[in-house]
Each structure stands twice: as C-alpha cells, then as structure tokens.
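Chemist: sequence and predicted structure are below.
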Amino acid sequence: MGGKERSRLSKQTTLIDRLHEQASTQPHKKAFTFLADGETEIDSLTYQQLNEQAKAIAFILQSHNAKGQRALLLFQPGLDFITAFLGCLYAGVVAVPVYPPRANRSLERLLAIVADAEATFALTTTSIQEQVASKFASHNATENIKFIATDTLNIDLANSWQDPKITLNSLAFLQYTSGSTGKPKGVMVSQGNLIANSDTIQHCFGNKSEHILTSWLPPYHDMGLIGSIIQPAYIGASMYLMAPVTFLQRPYRWLQAISNYRGQTNGGPNFAYDLCVESITAEQKATLDLSCWELAFSGAEPVRAETIERFSEYFRECGFRRQAFYPCYGMAESTLMITGSRRNAEPVVAAFDLKRLEENQALAVDNSDAITLVSSGGNSPAQKIAIANPETLNQCPDGEIGEIWAKSASVAQGYWNQPELTAQSFNGVLGDTQEGGWLRTGDLGFLDRGELFVTGRLKDLIIIRGRNYYPQDLELTVDNAHEAIRAGNVAAFAVDVAGTEKLVITPEIKRTALRKLKIEEVTKAIRSAIAEHHELQVDAIVLLKTGSIPKTSSGKIQRHACKAGYLNGSLTSVGEFKLEGARHVLPAAGAKQEKAKLFSQQQSNQKQIEIQNWLRENLAQRLGLPISQIDVKESFASTGLNSMAAVALSADLEDWLEIKLSPTIVYDYPNIVELAAYLADDKSEQKISQLAQGRIEESAIAIIGIGCRFPGANNPE
C-alpha cells in the first residue's frame, strides 16, 4: 500500500469503521483467542462477536451520558479487557487502562491515576468489582466512580447502540507512563493517532489479514495494547494471546504457540529473546518449527547484537531465520512505533569508535576499541525524525549525537492536564529551521547513512573528569565481563564523593550462578574489563539478585532509581565491592533434593516439613542469603522477593511437586508456613490443579522488559 493510499484511508476511517468492516466481511473469523497455558484455548471471539460485545458495553456507557468522560479499565489480561477497551471507543469514552489492584497491596499509584484522569467510570468484571469496590469506598477520590461489570451484560444491548460521531481528533485513551505516583503522566492518544500508527505498523511489518499473530505482552501498555490488540483488529488478522505470567513461568510456551499456530508476526523486548535462549531446553527445542516466523520485532529496550546472534543461532535448527529480526524504536508519546528496520533483511549492525562516541561523534570502525550498535531503522514517508543538539536545538549532521526528535500523525496530543510539560515535550522547535511541532523524546542517538542508532537517554550521561561516558557502553562491557552476569540487566551511574564523580556498577547475577557465586572473581572481572575498555576505575560494584534491577514499564533501565537505591542502601545485593573492601553475601550451598512424590507417599505433616525445607533452600538461593536467615513465618514480600522471581519460584515448585500451580501462588499465601500447609493438604492436589487452570489467565503480572509487578504493587518490583 503506497503512502498516498495509506493517508487517504487514515483520513476517511476510524478504528470503529475498521472493526465494522471486519465484522461485515469476515464475521466468523476468529479475532482473538486466549490461551490459558500457552496451548489450551479457553476463550475466543469472532469479529462479529467482538463487534457485538463492544457495542453492548458502549450502549451501557451511552445510557449514562459518558461520552468524553474517563473510564478505568480494571481487568486481568484477557478478552474482557479487549471488549471493554473497544466498548469505550464505540461510546466516545476515554479509556484509561490500569493494573487491577490486588488484595493487601497499596492503591497509591492507582489512586493517583484516578485523581489525575478525573475518572468517573470503572469497567471491570464481577469478581474484580467485588474486590475493588470496597477498597475504593474508603477513598474520597473514588467516591464518584460508577462500576460497570462487563462480563454480565446482555449481548442484545448491542442493537441499541448509537454511533457516537467521533472524529480523528477525538481523544481515544490515556496511556499512563512511568512516573511518580504523585503526578503520573497521562499521554493523550487520539482516534487519529491510533489509525496513523496502526497504518504505519501494518506497512512496516507487512502485516496482512490472513496473518497469524501471537503475544504475551501486557495489554496495559503501548506495545501490548497497540501492537497486540489494535493492530490485529485494524488489519483483520487472528491473534493468539497468553498472559505475561504464562510466558514468564515457562518461555517455551510462547515459542510453542508460534510453532503450533504458525504465527508470522511475533515479538517483544530484547530480554524475551534472551530468556528463551536461557530457559528452553534442547528437548523442548526439538519440538519447535519456527519456519513460519516472518517478522520478530524487538523494541521497548535497547536491541543488542549479541541477542540477535544468540537467538538466531540457537533456534536456527528450528527454522528461525536471522533475517526475521526487526529492531524498532518507539514510545507511548508517539502512540507506539516511530521507526523500524527493513523486513526480510539482515538487521543493520555497525561498530563505532568508543572514544569518539564519548565525544558525541559516531565514527564507524573495524577494530577492538569499538562498540557494536543495532540500527532501529530511519525516516519514512509517515514518520519523520531529526537529531537535535540539546543545547542549541539545531539539527545535528550525520554522525553527531543529539536528542532524537519525531514528527508524524502518530505523535500524541500531549500530557493530560499538564500544558507546560506538553509544550516542552510535544512542541519542539528546531533552532536552525524554526520548524515546530516536534516530539522531544529525551533519547540520544545519531543518524548514519539514514539509519537511526539509539545510544542512551539525555539525562543518563556519566561525566568523569570532563569526559562523557554513555552508561550503555559501560553496561555492555560488564555484560561480557563474566559468565555469571545477566546480560542486559546492568546499570552504570556516577555518584558524588567529596566533590568527585565516582563510577558505580550494579549488575544482576544469573539465577543459575547464585549457588556457586564467586563474588571476588566477578567483581575483579568487572573492574578489569572497565579499566581495559574505558580506562576508568570502578569505585563500587553491587551485585544484584536476579530480576531486581529497576526498570520502567517500557523496559528501560531506571538508572536514577538504581542510584537512589545505592545511596539509601535499598538495593537487593548478593555481593558488593568497594575500594575500601568488599562485603560478601554468598548463597547457601544446599544439597540437591531428589524429586518427591509427596502427595502419595507421606503424611500431611511430613509433606509440610519437606515443602518448607525446599522453599527455604530455594528462597535462600534466589535472595543470595544463608538458609539460616530465611524465616518460614516471614512474608514473601518482606524478604525482598520480587514478582519475577516469584513466578520462577512457582515454576520450580511445580516441577518438583509434579503438579500444576498458579503462577501467583507465592503471593496467594503470605509465607512459607502457610504455603507449605496448603500444598501438603491431602485434598490439595485436585484443588491446586483446578486453581492453576482457572487462575493463569487472571494472573496480571505486568511486564515489559524485565521489570514486572503483581497487581497493586507500587512499582515494577
């Protein structure tokens, strides 16, 4: 489809028009199918059913004169969320996707969003409404919210729906980005933004209505919402979905779904590809046929050349082609996608002189003193980008690093109720041409022969002795310094010590390396690598437990949060080095236990003791603590166990007990004693299996990037 044709369609249609078209031309085609465990279909909607359910929800909203008002979407990942979101569009109501709160968790961030959005409605399911309504009742900010349970509506209400007469300028939804709980930022995405970005994605990806797509991405954020819900609905394709926790618990499930359903367009953040390589066994790999995978998009966090190479090589025997990799760049402020590489082509990977990059100049080289970067594409007829000098605001010539600016019909209307911040971020004016209307992304990068290379964030520069260092460069060096380091999960930053900037490195350690972690060896390798490649001395190293590095909802490392955690001592360390000496925190060794048949061989109290012992040992290894420090009555939350580790713990427990478990079972029972008692109950085996089948789709771990959180948590950890 040519640029003029795409522009013509965008001017004449809204997403409602496109969905009406899908329901009319292919009413019985499956639009969305939800997979409970990566392969069991528990719910599906045809395009006709999708259209009718959205209209029924819209009619209820219309009966309350809700047009233009804001409605919270409080759903676990699944088809109910999709119909509610589309129902808002059909009613001209501004949707506000949020994570549903969880029992015994703070509502601070959710309440901040409610107040900022001035929400008056909350769409949810009957079960969630029962949990949430009472929690909301005690807060004045929520007293005017009307709850609507969408899972009990009569489908015949669709016949009473009336066209809301929306335009492309009508506000479609508010995308709340990472920010403080006191003043969250709601990106205003219009109907026109949705169409423009959907059109861009279709054109760049080459998506067609006959394509099959799969996704585990959370629906609350731009990549999952726009890429995995809006895009398939826009083109009339079939999407197979699973909850994020389903993927996290067993990454094999995602590739299994791609193989089984012959998914052509599938993707996620860089870490997802690393996780697949790290966790999928040779036996599992032998069952996969990935020859159907035409486009593997990668975005939301830096795309690493090492990841592309590792994944391509590991799954080459499954039919995966390196040319399928599609690095791309985008953000919520531009609806989703800004740039993308060329499909069916090798990713553009280039090496640049490290010292010149530190001087804001990109010089392509072919020597050992170089950093390898992956291009995210470049300018297109529908998406215009520029590199601006952060101080002069003049355009930078090719090869000069500056702030990435973007301009297109996809750029959102601004931040809700924040006119000053909107003017600063959404109305950039180039100093040399005086051309306005640019989105200032806050990201640093450069253009090289038309290719965009993202190098970091504007505020993340490390300046030591007057020289600029990009944290991504230091982090990549640390990635390769020692095999125990978890690549892609390292933060580098500087702290002020007596007026002098000192370098601090905080890398995560692989879970498999925690048991035999040699802290002195790892920290020495890091210091040596940094000195060799960057001629810098490392003042401090904090080795972090797996999954604990702070990240934004879009998968970007929160270096400022790492720095704050270092300064206040809140980082979850498994070992440290400082120039004045190192403090070692070694995991307990522990003997490997044989797999037990607990439910058939022992009495309940014996089972409970064995399960407690297993949980203590496993938890100690994950936290990098001696087993003697694990109190069986202490809550899991207070031990510092984050949600990513909790899901992995449930998977290990599932393997050991040889029964199906809910991925969130660690959070359903507050401590080791109560969880062990539940699992040891003679009646639990059948009960647990039923719970696992019924709860997987309700497990709303939100994840983009390695950062994830359970419902109601205040942050990604």
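Modeler: Yes, it's here.
Chemist: contacting residues around stretch 259-270?
Modeler: Applying Cβ atoms under 8 Å, 6 or more residues apart in numbering, the contact partners of stretch 259-270 are 39, 205, 207, 211-217, 223, 227, 240, 254, 257-258, 287-290, 292-304, 307, 318, 326, 488, 555, 704-705. C-betas here are computed from N, CA, C, even on glycine.
Chemist: now go through those residues and say which are in strands.
Modeler: 212-215, 240, 295-298, 326, 488 (DSSP state E).
Chemist: state which helix of this protein is the longest.
Modeler: helix 604-623 (DSSP state H).
Chemist: just the C-alpha atoms of that helix, please, in PDB.
Modeler: These are the backbone C-alpha positions of helix 604-623, laid out as PDB (Å, rounded to 0.1, in the frame of the first residue of the first chain):
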ATOM      1  CA  SER A 604       0.400 -34.300  55.700                       C
ATOM      2  CA  ASN A 605       2.800 -33.100  58.500                       C
ATOM      3  CA  GLN A 606       5.800 -34.800  56.800                       C
ATOM      4  CA  LYS A 607       4.900 -33.300  53.500                       C
ATOM      5  CA  GLN A 608       4.600 -29.900  55.100                       C
ATOM      6  CA  ILE A 609       8.100 -30.100  56.600                       C
ATOM      7  CA  GLU A 610       9.700 -31.300  53.300                       C
ATOM      8  CA  ILE A 611       8.000 -28.500  51.400                       C
ATOM      9  CA  GLN A 612       9.100 -25.900  54.000                       C
ATOM     10  CA  ASN A 613      12.700 -27.100  53.700                       C
ATOM     11  CA  TRP A 614      12.600 -27.000  49.900                       C
ATOM     12  CA  LEU A 615      11.100 -23.400  49.900                       C
ATOM     13  CA  ARG A 616      13.700 -22.200  52.400                       C
ATOM     14  CA  GLU A 617      16.500 -23.500  50.300                       C
ATOM     15  CA  ASN A 618      15.100 -22.200  47.000                       C
ATOM     16  CA  LEU A 619      14.300 -18.800  48.500                       C
ATOM     17  CA  ALA A 620      17.800 -18.600  50.100                       C
ATOM     18  CA  GLN A 621      19.400 -19.200  46.700                       C
ATOM     19  CA  ARG A 622      17.200 -16.600  45.000                       C
ATOM     20  CA  LEU A 623      17.900 -14.000  47.600                       C
END
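Chemist: other SSEs contacting it?
Modeler: Applying 3 or more Cβ pairs under 8 Å, 6 or more residues apart in numbering; DSSP states H and E, one finds that helix 604-623 makes contact with helix 598-601, helix 636-639, helix 643-657, helix 672-680.
Chemist: hey, least reliable of those helices by pLDDT?
Modeler: Lowest mean pLDDT of those: helix 598-601, a mean of 51.
Chemist: quick one, grab the pLDDT at Gly712.
Modeler: 30.
Chemist: nope, Asn468 is what I was after
Modeler: At Asn468, the model reports a pLDDT of 61.
Chemist: how about Gly624?
Modeler: At Gly624, pLDDT is 53.
Chemist: tell me how the protein divides into domains.
Modeler: 3-22+43-204, 338-416+424-459, 461-584, 598-623+631-709 (automatic domain parsing).
Chemist: pipe these into a markdown table and attach distance to Met331 per row.
Modeler: Shown next, in a markdown table, are the domains of the chain (distance: least, Cβ to Cβ, whole Å):
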| stretch | distance to Met331 |
| --- | --- |
| domain 3-22+43-204 | 8 |
| domain 338-416+424-459 | 6 |
| domain 461-584 | 7 |
| domain 598-623+631-709 | 12 |
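Chemist: what's the closest of those to Glu278?
Modeler: With Cβ to Cβ, the closest approach to Glu278 among those belongs to domain 461-584: 7.7 Å.
Chemist: any idea how far that closest one is from the chain center?
Modeler: 22 Å (Cα atoms, centre = their mean, to the nearest Å).
Chemist: go on, stretch 59-77?
Modeler: 25 Å.
Chemist: in it, what's buried?
Modeler: Residues of stretch 59-77 classed as buried by neighbour count (16 or more other Cβ atoms under 10 Å): 59-62, 66-67, 69-77.
Chemist: for those, which one is nearest Ile235?
Modeler: Checking the buried residues of stretch 59-77 one by one against Ile235 (Cβ to Cβ), the nearest turns out to be Pro77, at 21.3 Å.
Chemist: my guess is the closest one contacts Pro218, does it?
Modeler: Yes - using Cβ atoms under 8 Å, Pro77 makes contact with Pro218 at a distance of 6.2 Å.
Chemist: what's opposite Phe32 in the beta bridge?
Modeler: Going by DSSP bridges, Phe32 is paired in beta bridges with Leu45, Met239.
Chemist: wait, it sits on Leu79?
Modeler: Yes - counting by Cβ under 8 Å, Phe32 touches Leu79, with 5.7 Å between them.
Chemist: of all the residues in stretch 27-47, which ones are buried?
Modeler: Buried residues in stretch 27-47 (16+ other Cβ under 10 Å): 29-38, 44-47.
Chemist: now that stretch, how far from the centre of its chain.
Modeler: Centre-to-centre, stretch 27-47 and its host chain are 22 Å apart (Cα atoms, centre = their mean).
Chemist: and Gly488, how far is that from Ser528?
Modeler: 21 Å (Cβ to Cβ, to the nearest Å).
Chemist: among these two, which residue is more densely surrounded?
Modeler: With neighbours defined as other Cβ atoms under 10 Å, Gly488 and Ser528 compare such that Gly488 has more, 25 against 13.
Chemist: quick one: low-confidence ranges for the stretch 451-600 of the chain?
Modeler: Flagging of the stretch 451-600 of the chain using pLDDT under 70 yields the residue ranges 461, 463, 465-468, 498-500, 535, 553-554, 580-600.
Chemist: could you rerun that using 90?
Modeler: 455-473, 494-502, 520, 524-525, 527-539, 551-557, 560, 577-600 (pLDDT under 90).
Chemist: surely Asn193 touches Ser408?
Modeler: No - checked against Cβ under 8 Å, the pair Asn193 and Ser408 is beyond contact range at 9.3 Å.
Chemist: between these two, which has more neighbouring residues?
Modeler: Neighbour count, other Cβ under 10 Å: between Asn193 and Ser408, Asn193 has more, with 26 against 21.
Chemist: and the gap between the more buried one and Ala382?
Modeler: 12 Å.
Chemist: what is in contact with the two at once?
Modeler: In contact with both Asn193 and Ala382: 409-410, using Cβ under 8 Å, 6+ apart.
Chemist: quick one on the thing from earlier: just give me the closest of the buried residues of stretch 27-47 to Leu543.
Modeler: Among these, and counting by Cβ to Cβ, the member closest to Leu543 is Gly38, at 32.7 Å.
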